[in-house]
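S.K.: Structural data only, the sequence is not supplied:
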């Protein structure tokens, strides 16, 4: 056994850089790559050449310590993309740089070590071992790495408690609810102490209330841990709640990437607009975006990073029509009014809607 000491501080944040990434499924992907570079459509590639285009020319810079959400409809390529980060899928072309190393170029042994030490994955279907208890499932990654029994027991117990499952250490997966099973999966990933956490539709199989609860658990833990998290979802509300950055895929290509605000306020095309039209804008738009620079107003002071829905609650509770906006150091930046908030929470009419008879 390897004499590993107990884990303490989280590893330094590690970013991910994906460059010129292509994935083609079929018998001879290399032979059709020239056609793809010339711009052949996904449908034509499938119908005339018998190959499936999974990803086309993906460029993505993911900052260390943040949550990068990748979203899209079924078949858009999002799960294919995340599996390139730990090379569960080999690309047809492209690079995946992590910690100054190209994962695509790693040999078998380097890749094996990278997967064990640098990444952890949480799956939609939990992927727990049914014959193992909660404790055994959570410590499994450390056991594979050769961590001493006492140390892995202590690390697993700590994370089991952190995700709210203390007392269930000896239970088996079939004795737990879906939400509890997903907490086990999250605890297992965190116990491995990898700097990069890959979450593939991790909460999609859960009921709405449990799903919201798991999102809160993740956000609370992330505030402390600052992992580099790549989170796959098809749900825009989930993407906007969790993501520091959001990338939207369609047919294997990134259509738009940016902050939630940027995507909601300036959708790149009609496809993105169709995603954002029913979004609660009050939970996305922040004060710094909407505020008017200028002199103080009579009213409370709110942080520039606060979403406007929360500001509306503050103004309503305190009986004011406007609030001052300040940065985290307390410096006054401007003001925001209830009228501005109400106007911003109603999306502008599209040209198509405006053309409809009243």
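M.R.: Everything's here; your move. All of these numbers come straight from a predicted model, not from anything done at the bench.

S.K.: which residues of this structure score low on pLDDT?
M.R.: For the chain, applying pLDDT under 70 flags the ranges 1-12, 347-358.

S.K.: Scan it for its longest helix.
M.R.: Using DSSP state H, we find that the single longest helix of the chain is helix 208-225.

S.K.: Tell me which other helices or strands that one touches.
M.R.: Judged by 3 or more Cβ pairs under 8 Å, 6 or more residues apart in numbering; DSSP states H and E, helix 208-225 is in contact with helix 178-191, helix 236-242. (Glycine included, C-beta is placed from N, CA and C.)

S.K.: Residue 71 is nearest to which of those helices?
M.R.: helix 236-242 (4.6 Å; Cβ to Cβ).

S.K.: Which positions in that closest one come out as buried?
M.R.: For helix 236-242, the neighbour count (16 or more other Cβ atoms under 10 Å) marks 236, 238, 239, 240, 241, 242 as buried.

S.K.: and of the residues you listed, the nearest to residue 99?
M.R.: Closest to residue 99, out of all of the buried residues of helix 236-242 and judged by Cβ to Cβ, is residue 242, at 23.6 Å.

S.K.: wait, the closest one sits on residue 219?
M.R.: Yes - with contact defined as Cβ atoms under 8 Å, residue 242 reaches residue 219; the gap is 6.8 Å.

S.K.: Just the buried residues of the longest helix of the chain, please?
M.R.: Applying a neighbour-count criterion of 16+ other Cβ under 10 Å, one finds 210, 211, 213, 214, 215, 217, 218, 221, 222, 225 buried in helix 208-225.

S.K.: How about stretch 23-32?
M.R.: Buried residues in stretch 23-32, defined by neighbour count with 16+ other Cβ under 10 Å: 23, 24, 26, 29, 32.

S.K.: what sits up against that stretch?
M.R.: If you take Cβ atoms under 8 Å, 6 or more residues apart in numbering as the criterion, stretch 23-32 is touched by 33, 36, 40, 45, 49-55, 77, 80, 84, 89, 91-92, 252.

S.K.: Mind checking what helix or strand follows the helix or strand where residue 23 lies in sequence?
M.R.: Per DSSP states H and E, residue 23 falls inside strand 16-25. The helix or strand immediately downstream of strand 16-25 is helix 29-37, counting by DSSP H and E.

S.K.: can you give me the angle the helix or strand following that next one makes with helix 29-37?
M.R.: Later in the chain than helix 29-37, the nearest helix or strand by DSSP H and E is helix 42-49. On the basis of axes from the mean of the first three to the mean of the last three Cα atoms, to 10 degrees, helix 42-49 is oriented at 140 degrees to helix 29-37.

S.K.: Now helix 42-49: buried residues?
M.R.: Across helix 42-49, burial judged by 16+ other Cβ under 10 Å covers 42, 45, 49.

S.K.: quick revisit: from the buried residues of helix 208-225, which is closest to residue 327?
M.R.: Relative to residue 327, the closest of these is residue 222; by Cβ to Cβ it sits at 22.1 Å.

S.K.: residue contacts, the closest one?
M.R.: 67, 229.

S.K.: And the helix or strand hosting residue 335, what does it pack against?
M.R.: Assessed by DSSP H and E, residue 335 sits inside strand 332-337. Counting contacts by 3+ Cβ pairs under 8 Å, 6+ apart, strand 332-337 is packed against helix 287-290, strand 322-326.

S.K.: From residue 224, how far off is residue 56?
M.R.: Look at residue 56 and residue 224: by Cβ to Cβ, to the nearest Å, they are 37 Å apart.

S.K.: now residue 309
M.R.: Note on residue 309: its distance to residue 224, by Cβ to Cβ, is 25 Å.

S.K.: How about residue 241?
M.R.: Residue 241 sits at a distance of 18 Å from residue 224 (criterion: Cβ to Cβ).

S.K.: Could you do residue 331 as well?
M.R.: Going from residue 331 to residue 224 by Cβ to Cβ gives 27 Å.

S.K.: And residue 179, by the same measure?
M.R.: Residue 179 is 21 Å from residue 224, by Cβ to Cβ.

S.K.: got it, and residue 341?
M.R.: From residue 341 over to residue 224 (counting by Cβ to Cβ), the distance is 31 Å.

S.K.: What of residue 185?
M.R.: Going from residue 185 to residue 224 by Cβ to Cβ gives 19 Å.
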